[in-house]
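[1] this one's structure only:
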């Protein structure tokens, strides 16, 4: 069973998502953040369940989809997963952004 760790970037992303949605509804902001976090629970037992991020084509960088969000994660080893970012699907995900996040979390 792998340990799932949230990077500082992924925590900041969740805070930004909550802040944005809470402008309309605190309730829905809380629900969305809970859904995103809950979705990552799957990775403890099934780290390969997400697809390889198409923009990167790196086997260890994968993503899960939850609603309008891409949950990008890195399989560090058999026992550790880093949640790199929660990314809205309408925004472009660049290789350089993901590489910067990885570099900060080595």
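    Received, thanks. It should be emphasised that the depicted structure is a prediction, and the values quoted were computed from it without experimental measurement. Residues are numbered from 1 along each chain as shown.

[2] Name the nearest residue to residue 71, ignoring sequence neighbours.
    Counting by Cβ to Cβ, 6 or more residues apart in numbering, residue 71 lies nearest to residue 64, which is 4.4 Å off, once chain neighbours are set aside. (Glycine included, C-beta is placed from N, CA and C.)

[3] swap in residue 13?
    In space, residue 13 is closest to residue 86, 4.1 Å off (Cβ to Cβ, 6+ apart).

[4] and the strand or helix carrying residue 75, which strands flank it?
    Using DSSP states H and E, residue 75 sits in strand 69-77. Sheet partners assigned to strand 69-77 using DSSP bridges are listed as strand 61-66 (antiparallel), strand 80-88 (antiparallel).

[5] deepest of those, which one?
    Among those, ranked by average contacts under mean count of other Cβ atoms under 10 Å, first place goes to strand 80-88 (a mean of 21).

[6] which residues are contacting that one?
    Contacts of strand 80-88 with the rest of the structure, by Cβ atoms under 8 Å, 6 or more residues apart in numbering, involve 2-7, 9-10, 13-14, 17, 36, 40, 43-44, 47, 61, 68-76, 93, 97-98, 101-102, 105.

[7] Buried among these? Need that as a selection in PyMOL.
    Here is the PyMOL command that picks out the buried ones among these, judged by 16 or more other Cβ atoms under 10 Å:
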select buried, resi 2+4+6+7+9+10+13+14+17+36+40+43+47+61+69+70+71+72+73+74+75+76+93+97+98+101+102+105
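
[8] that older thread, who are the contact partners of the residue nearest to residue 71?
    Going by Cβ under 8 Å, 6+ apart, residue 64 touches 39, 40, 42, 43, 49, 50, 70, 71, 73.

[9] how about the strands paired with strand 69-77 in CSV, adding distance to residue 31 and mean pLDDT?
    Output for these, formatted as CSV (distance: least, Cβ to Cβ, whole Å; pLDDT from 0 to 100):
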stretch, distance to residue 31, mean pLDDT
strand 61-66, 12, 96
strand 80-88, 14, 96
